[in-house]
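**Q** please work out how this folds:
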Amino acid sequence: MTADELRREIASGDEQAARRAVRACGARLREGHVGDADEILETLLPLVESLSAILRQAVADVCDAFPDGLFETTHLRLLADRDPYVRRSAEAAGHRHAQLRRQRARVESEEQALEDVLGELERRHGKGARKLAERAVERGVETFAQMLDHEVRKTKNAIYLALEELAAELERPERSLGLLRDHLATVRERSAFVFAIVLRARDYVSRPRPVFAEQGLAKLVDEARAQLLGRVSARAAKVAFTNDIDPELRADVDRHALLQALQNVLQNAVEAYGVDADRLAVRVSASVRGGGSEIELRVADEGVGIAEDRIPKLFIPFGSRKPGGTGVGMLIVRRAIEEVHGGTLGIASALGKGTTVTMVIPARQRT
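**A** A predicted model of the protein is given here:
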C-alpha cells in the first residue's frame, strides 16, 4: 500500500476500505525502509481529527509505528479522544511502543556490553584473543543463516511442486478451475509461510514482540500436519497421524512461532522411522494443567528413539546426525516454546521405543 493508494482509499468514502489501507500502511512503516514513509505519515496524521471514529481508531492501531516524536504528540491526542474504542486502541499502541523502546534499549545495551568485553579481552590478552571472540560471534551469524536455510528449504520444494502442477493443469485443453484454485491456494499458503519465516529470521536476534491471538490448537496442528505432508510427499501415504486434541481447546499463541515449532517436531517424528518402515505413526495430544492456566502439547512417535546422551546434543547447532540435517530445528522449537511463549520443552525417549516431545505453554498471555 503506497501513499497514493492510501489517499485514494480515504477519498473513496468507504470507511472499511480506508481502515484496511491505514493498517496496511502501518504494517509497511513497521517493516522499515519505506520510500514514501514521509508521504504516508503526512496522509495519516490528519485522520486523527477525522469525523469518522473508524478512521481515528485505525490510526490509533498503527501509531506505534510512527517515529518517536510524532508518536508522542499523536498518542496523547488519541488518548483524549471522545470515542472509548479509539482510546482503547491508543492505550494498546502505547504498550507496544513502550515495549519496542525497551527492546531497543536492551539491544543497545547488549551491543555496548559486547564491545566492552571485546575491548577488555584485547587489553588483557592481546588482539588474538579478540579475534577468537569475534570469530565466535561470526559463528553465531553462520548458525543464524543455517537456521534460515533449514526452515525455508523445507517449504520451497512444496512450492515448486504446486507450481509444476499448476502449470500442467493450465496446459490441459479442459482445465479444471477447481484444481487451479487449489494449486494456487497451496502456492499462496506456502509462500506466506516462507515470508513469515524470513521475517521471524530477520528478527531472530532482536527478539521481536510476539503477536498473540486466541487459536484453536487442534486446527493449528492440522495445518502444521498438512504443510508437513507437502514436504514429505514421498512418505505421506505411510504417515498415520492421530490428532487427539479437543477441537474446543484454545490458547493465546503466536501463530507463526507455534506453527514452526509444531512442523519441526512433526518432521522429526516422521524422520524417526527407518526408510523401510511400513507405517509411520505420529500421535498429537494435549491436556490442560495448572487449573486451566497451562496446556501441555505432546507429539509422540514409535520410531527408533534417541539415546539419552544424545538428547542434549539436539540443541547444539550443527549437531544433527540426520542426512542433510543442520541441527537447528530443535533450537527453533525451544525458542518458540520457551522464549516466545514463556513455556517449557521436554523430550523423553528410549531406543527402539520412540520419542515424546512435550511442549507446555500458558493458556493465556499477558499483553
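**Q** how far is the worst-scoring helix or strand of the chain on mean pLDDT from where the chain is centred?
**A** The weakest-scoring helix or strand in the chain, judged by mean pLDDT, DSSP states H and E, is helix 177-202 (a mean of 76). Remark: helix 177-202 is offset 14 Å from the chain centroid, using CA atoms, centre = their mean, to the nearest Å.
**Q** what's the first helix or strand after that helix?
**A** strand 212-216 (DSSP states H and E).
**Q** mind listing the strands for the protein?
**A** Assigned by DSSP state E, the strands in the chain fall at 212-216, 239-243, 250-254, 280-289, 294-301, 344-350, 354-362.
**Q** partners of the fourth one, with directions?
**A** Spelled out, that is strand 280-289. strand 239-243 (parallel), strand 294-301 (antiparallel) (DSSP bridges).
**Q** could you list the domains of the chain?
**A** The record assigns the chain these domain ranges, following automatic domain parsing: 3-99, 126-202, 212-362.
**Q** what's the model's confidence in the longest helix anywhere in the chain, averaged?
**A** The single longest helix within the chain, with elements called by DSSP state H, is helix 127-171. The pLDDT scores in helix 127-171 average 79.
**Q** one more: stretch 344-356?
**A** If you average the pLDDT over stretch 344-356, you get 92.
**Q** cool, stretch 15-26 as well?
**A** The predicted model gives stretch 15-26 an average pLDDT of 89.
**Q** how about it: buried residues?
**A** Neighbour-count burial for stretch 15-26, with 16 or more other CB atoms under 10 Å as criterion, is recorded at 15, 18, 19, 21, 22, 24, 25, 26. Just so you know, the C-beta spots here come from the backbone N, C-alpha and C atoms, and that holds for glycine as well.
**Q** hmm, residue 225 is touching residue 267, no?
**A** No - using CB atoms under 8 Å, residue 225 is not in contact with residue 267; the gap is 10.4 Å.
**Q** re earlier: the strands paired with strand 280-289 into CSV, with extra columns for distance to residue 60?
**A** Shown next, in CSV, are these (distance: least, CB to CB, whole Å):
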stretch, distance to residue 60
strand 239-243, 39
strand 294-301, 32
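**Q** nearest to residue 286, of those strands?
**A** Among those, strand 294-301 comes nearest to residue 286, with 5.0 Å by CB to CB.
**Q** who touches that closest one?
**A** Contact partners of strand 294-301, identified using CB atoms under 8 Å, 6 or more residues apart in numbering, comprise 217, 245, 249, 251, 262, 265-266, 269-270, 272-273, 280-289, 343, 354-363.
**Q** same thing but 7 Å
**A** Residues outside strand 294-301 that contact it (CB atoms under 7 Å, 6 or more residues apart in numbering): 217, 249, 251, 265-266, 269, 272, 281-289, 354-363.
**Q** quick check: angle from it to strand 354-362?
**A** Strand 294-301 and strand 354-362 meet at an angle of 160 degrees, taking axes from the mean of the first three to the mean of the last three CA atoms, to 10 degrees as the criterion.
**Q** tell me the mean pLDDT over strand 294-301?
**A** Per-residue pLDDT over strand 294-301 has a mean of 96.
**Q** CA atoms only for that strand, dumped as PDB, please.
**A** Extracted C-alpha coordinates of strand 294-301, given in PDB (Å, rounded to 0.1, in the frame of the first residue of the first chain):
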ATOM      1  CA  GLU A 294      -1.300 -24.200  31.100                       C
ATOM      2  CA  ILE A 295      -1.700 -26.500  28.200                       C
ATOM      3  CA  GLU A 296       0.600 -29.500  27.600                       C
ATOM      4  CA  LEU A 297       1.000 -30.500  23.900                       C
ATOM      5  CA  ARG A 298       2.600 -33.900  23.200                       C
ATOM      6  CA  VAL A 299       3.900 -35.300  19.900                       C
ATOM      7  CA  ALA A 300       4.700 -39.000  20.200                       C
ATOM      8  CA  ASP A 301       6.300 -41.400  17.700                       C
END
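**Q** next one: it to chain centre, how far?
**A** With CA atoms, centre = their mean as the basis, the mean position of strand 294-301 lies at 20 Å from the chain mean.
**Q** now do stretch 87-100
**A** 21 Å.
**Q** what comes up buried for it?
**A** In stretch 87-100, counting by 16+ other CB under 10 Å, buried: 87, 89, 90, 93, 94, 96, 97, 100.
**Q** can you list these in JSON lines and add pLDDT and distance to residue 2?
**A** Shown next, in JSON lines, are these (pLDDT from 0 to 100; distance: CB to CB, whole Å):
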{"residue": "87", "pLDDT": "94", "distance to residue 2": "30"}
{"residue": "89", "pLDDT": "92", "distance to residue 2": "24"}
{"residue": "90", "pLDDT": "93", "distance to residue 2": "26"}
{"residue": "93", "pLDDT": "90", "distance to residue 2": "23"}
{"residue": "94", "pLDDT": "91", "distance to residue 2": "28"}
{"residue": "96", "pLDDT": "88", "distance to residue 2": "24"}
{"residue": "97", "pLDDT": "89", "distance to residue 2": "24"}
{"residue": "100", "pLDDT": "82", "distance to residue 2": "24"}
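**Q** can you add distance to residue 256 and give those back as JSON lines?
**A** JSON lines is the format used below for those (distance: CB to CB, whole Å):
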{"residue": "87", "distance to residue 256": "30"}
{"residue": "89", "distance to residue 256": "23"}
{"residue": "90", "distance to residue 256": "26"}
{"residue": "93", "distance to residue 256": "21"}
{"residue": "94", "distance to residue 256": "25"}
{"residue": "96", "distance to residue 256": "17"}
{"residue": "97", "distance to residue 256": "22"}
{"residue": "100", "distance to residue 256": "19"}
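**Q** okay then, goodbye and thanks.
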